[in-house]
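Visitor: With the sequence up front, the predicted model follows.
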Amino acid sequence: MAAPGGGRSRPTLLILVAAALTLLTMQYRGVEPLAAFQRGVRDVVEPLRSATDRISAPFRSAWNGLLDYDELVAENERLADELARQRGRRLTAEADAELLDRLLGEVGIDVAGGRSVVVRILGTPPGNFATHTIEVDKGSDDGLAEGMPVVTAAGLVGRLETVDRSRSTVRLATHPEFRVGVRLVGSQDEGLARGGGQTGFLVVDAGIGLDAKVEAGEVVVTSGGRSLFPADVPVGRVLDPDEDADYERTVVVEPIASLENLSFLNVLLIVDEPTSADPSGLRGG
Amino acid sequence: MTGRFRVFALLLTAATLQATLFDELRIDGVAVEYLLLVAVLAGHHGGPERGAVVAFLAGLLHDSVGVSPLGLHALAFAPVAAAVGHLSARLAAGARGLAALGLLAAVASGVGVAAAIGNLFGLHPVDATTLFGTAVLAAVMTGTVAVPTSRIVQWAVTGGLPVDVNVDRNPGAGSLRAPTGRIGRR
């Protein structure tokens, strides 16, 4: 156990705190060597992580099976029920799909038309608070770069936040700091959507006027323009048009792309021309 | 093996374990905070000053293997380790139950402080309930690997010797005391 005293500890602690704040400030100002240092460390550790992934896979499965057995049983039952319901809903689903295709076709949406890279989801990044962020198995060696849009066949998922040589992290659209310019296909109104965090929805709380005609179920796509994202990528459907708003309108959008139980994603190889350094990834889309 | 090399080896090993083994074994999405544990134990065994330095480096490594901005965990870990160093010196030595509770509280505090700082910088958006649950669970999980880690950290930061040696230069007094009152093993 440490001896009492520590008369020198206060100046030392102050210096360390100042150094940490300086590093944080430099990182937020986009000092490239710091980001490069982090990428370098992660690249060094990556082979070990991959090896651990492979070695621990059976143990991890057993561990998850042990801890989540009840959940697995419940999910199995839920899926069986869901399958039975889906059989009955097939016709309705087909009709919905046709409607969606028609709506997207009206605005010339072609999400899968551009060059893309298929990536596999590895899980969450290290740490206990990397919420609404996932890790994928490809990086700069495969042509990926920070800011690239990430989609599924259904629509928008998020964008690349950090890109190492062989791994990348994706900031999901539900992340509270995620921003994307959107357009309502029916009314053609444009606004700025942000992630709703734990709600799992997106919220359009800027740009939609109180008198705009917004209907529940209306398709929402990216607006393009100066946005990081290309235009017309499906985002979701309006869940709550907030028609009764008196002062500020907040339209709730349910994402089209299921952000749960994802396995593979598409990264659109669209290089964003940065206008200002922002390693924190706080810049809106 | 020099003290600095021991600390360097300890931190690299801890960072690798944090990013590999302990990142795989999660309960309810929560993982062991191994680098925070090393930081807390460095404060306990090495005292506030040395603990703060080791914790600062541990925090930098945490930020490097993770996706948080460089300096965020360093900013959180160093004060926690310094506080642990001060408290360890003042609380009753040898009370294992108290030490265990203190360790859990320190780890939970470290998790909370890191989340709070992250929140200030627009990261880690978590509500209070989730944060509390995550901090407590992370502390309990981290506590399970504390005993073997404690010995390793003690070896690394002190080399098995006391951190401070009081030396009285008056032979008649039967002990030696240096003019500064402290000789720290480096």
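Guide: Here it is on my side, so go on.

Visitor: What mean pLDDT does stretch B:10-27 get?
Guide: Taken as a whole, stretch B:10-27 carries a mean pLDDT of 86.

Visitor: ditto for stretch A:152-160
Guide: 83.

Visitor: Just the CA trace of it, in PDB.
Guide: The C-alpha trace of stretch A:152-160 is given here as PDB (Å, rounded to 0.1, in the frame of the first residue of the first chain):
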ATOM      1  CA  THR A 152     -28.100  -2.200 -46.600                       C
ATOM      2  CA  ALA A 153     -30.300  -3.200 -49.500                       C
ATOM      3  CA  ALA A 154     -33.200  -1.600 -47.500                       C
ATOM      4  CA  GLY A 155     -31.600   1.800 -46.900                       C
ATOM      5  CA  LEU A 156     -29.300   4.000 -44.700                       C
ATOM      6  CA  VAL A 157     -27.500   2.400 -41.800                       C
ATOM      7  CA  GLY A 158     -24.900   5.000 -40.900                       C
ATOM      8  CA  ARG A 159     -21.500   6.200 -41.900                       C
ATOM      9  CA  LEU A 160     -17.800   5.200 -41.300                       C
END
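
Visitor: And chain B, is that stretch touching that?
Guide: No. Stretch A:152-160 is not in contact with chain B by Cβ under 8 Å from any Cβ of the partner chain; minimum separation 11.5 Å. C-beta: built from backbone N, CA, C; applies to glycine.

Visitor: contacts for that stretch?
Guide: A:111-112, A:144-151, A:168-173, A:175, A:178, A:180, A:222, A:228-229, A:233-236, A:255-259, A:262, A:264-267, A:285 (Cβ atoms under 8 Å, 6 or more residues apart in numbering or on different chains).

Visitor: Would you mind listing the buried residues in it?
Guide: If you call a residue buried by 16 or more other Cβ atoms under 10 Å in any protein chain shown, then stretch A:152-160 has these buried ones: A:152, A:155-160.

Visitor: Below-threshold pLDDT in chain B: ranges please.
Guide: Residues of chain B meeting the criterion pLDDT under 70: B:1, B:92-94, B:124-125, B:160-186.

Visitor: For it, just list every one of the strands.
Guide: For chain B, applying DSSP state E gives no strands.

Visitor: now do chain A
Guide: So, for chain A - with DSSP E - the strands run A:116-123, A:133-136, A:149-151, A:156-163, A:168-172, A:179-184, A:190-195, A:202-206, A:219-222, A:234-240, A:251-255, A:264-268.

Visitor: What angle do strand A:116-123 and the last one make with each other?
Guide: The reference is to strand A:264-268. For strand A:264-268 against strand A:116-123, the angle by axes from the mean of the first three to the mean of the last three Cα atoms, to 10 degrees is 140 degrees.

Visitor: list the buried ones in strand A:264-268?
Guide: Going by 16+ other Cβ under 10 Å, strand A:264-268 has these buried residues: A:265-268.

Visitor: Among the contacts of stretch A:152-160, name the buried ones.
Guide: The buried subset of the contacts of stretch A:152-160 - by 16+ other Cβ under 10 Å - is A:111, A:144-151, A:168-173, A:175, A:178, A:180, A:222, A:228-229, A:233-236, A:255-257, A:259, A:262, A:265-267, A:285.

Visitor: coming back round to it: may I see the strands of chain A arranged in CSV, with distance to A:Ala18 as well?
Guide: Compiled in CSV, the strands of chain A are given as follows (distance: least, Cβ to Cβ, whole Å):
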stretch, distance to A:Ala18
strand A:116-123, 35
strand A:133-136, 29
strand A:149-151, 37
strand A:156-163, 26
strand A:168-172, 29
strand A:179-184, 32
strand A:190-195, 33
strand A:202-206, 37
strand A:219-222, 42
strand A:234-240, 43
strand A:251-255, 42
strand A:264-268, 39
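
Visitor: Quickly name whichever of the buried residues of strand A:264-268 is closest to B:Phe132.
Guide: A:Leu265 (32.4 Å; Cβ to Cβ).

Visitor: so what's the closest one scoring on pLDDT?
Guide: 85.

Visitor: wait, doesn't it sit right on A:Ser168?
Guide: No. Taking contacts as Cβ atoms under 8 Å, A:Leu265 lies outside contact range of A:Ser168: 10.3 Å.

Visitor: before we move on, back to that, format the buried residues of stretch A:152-160 as a markdown table; extra columns: distance to A:Gly217.
Guide: A markdown table is the format used below for those (distance: Cβ to Cβ, whole Å):
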| residue | distance to A:Gly217 |
| --- | --- |
| A:Thr152 | 20 |
| A:Gly155 | 15 |
| A:Leu156 | 18 |
| A:Val157 | 21 |
| A:Gly158 | 23 |
| A:Arg159 | 26 |
| A:Leu160 | 30 |
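
Visitor: right, and the pair among these with maximum separation?
Guide: A:Gly155 and A:Leu160 (16.6 Å).

Visitor: From chain B, how far off is the residue lying closest to A:Val185 once chain neighbours are set aside?
Guide: In space, and not counting its chain neighbours, A:Val185 is closest to A:Val219: 4.3 Å by Cβ to Cβ, 6 or more residues apart in numbering or on different chains. Noted for A:Val219: a distance of 27 Å to chain B, by Cβ to the nearest Cβ, to the nearest Å.

Visitor: For burial, what's the neighbour tally of A:Val219?
Guide: 23 (other Cβ atoms under 10 Å in any protein chain shown).

Visitor: what pairs with the spatially closest residue to A:Val136 that is not a sequence neighbour across the strands?
Guide: Distances taken as Cβ to Cβ, 6+ apart place A:Val119 nearest to A:Val136, at 4.0 Å, with adjacent residues excluded. Note on A:Val119: beta-bridge partners by DSSP bridges are A:Leu265.

Visitor: Surely A:Leu269 is in contact with A:Asp142?
Guide: No. With contacts counted by Cβ under 8 Å, A:Leu269 stays clear of A:Asp142, the gap being 9.5 Å.

Visitor: joint contacts of those two?
Guide: A:Val117.

Visitor: quick one, what contacts residue 48?
Guide: Here I'm looking at chain A. So A:Leu48 contacts B:16, B:19-20 (Cβ under 8 Å, 6+ apart).

Visitor: look at chain B instead
Guide: Neighbour list for B:Pro48: A:2, A:6, A:9, A:13, B:81-86, B:89 [criterion: Cβ under 8 Å, 6+ apart].

Visitor: Distance of the closest residue to it other than its chain neighbours relative to A:Thr199?
Guide: Spatially, and ignoring its direct neighbours in sequence, B:Pro48 is nearest to B:Gly85 (3.3 Å; Cβ to Cβ, 6+ apart). B:Gly85 is 42 Å from A:Thr199, where distance means Cβ to Cβ, to the nearest Å.

Visitor: if you count what's nearby, which of these two comes out ahead?
Guide: B:Gly85 (32 against 13).
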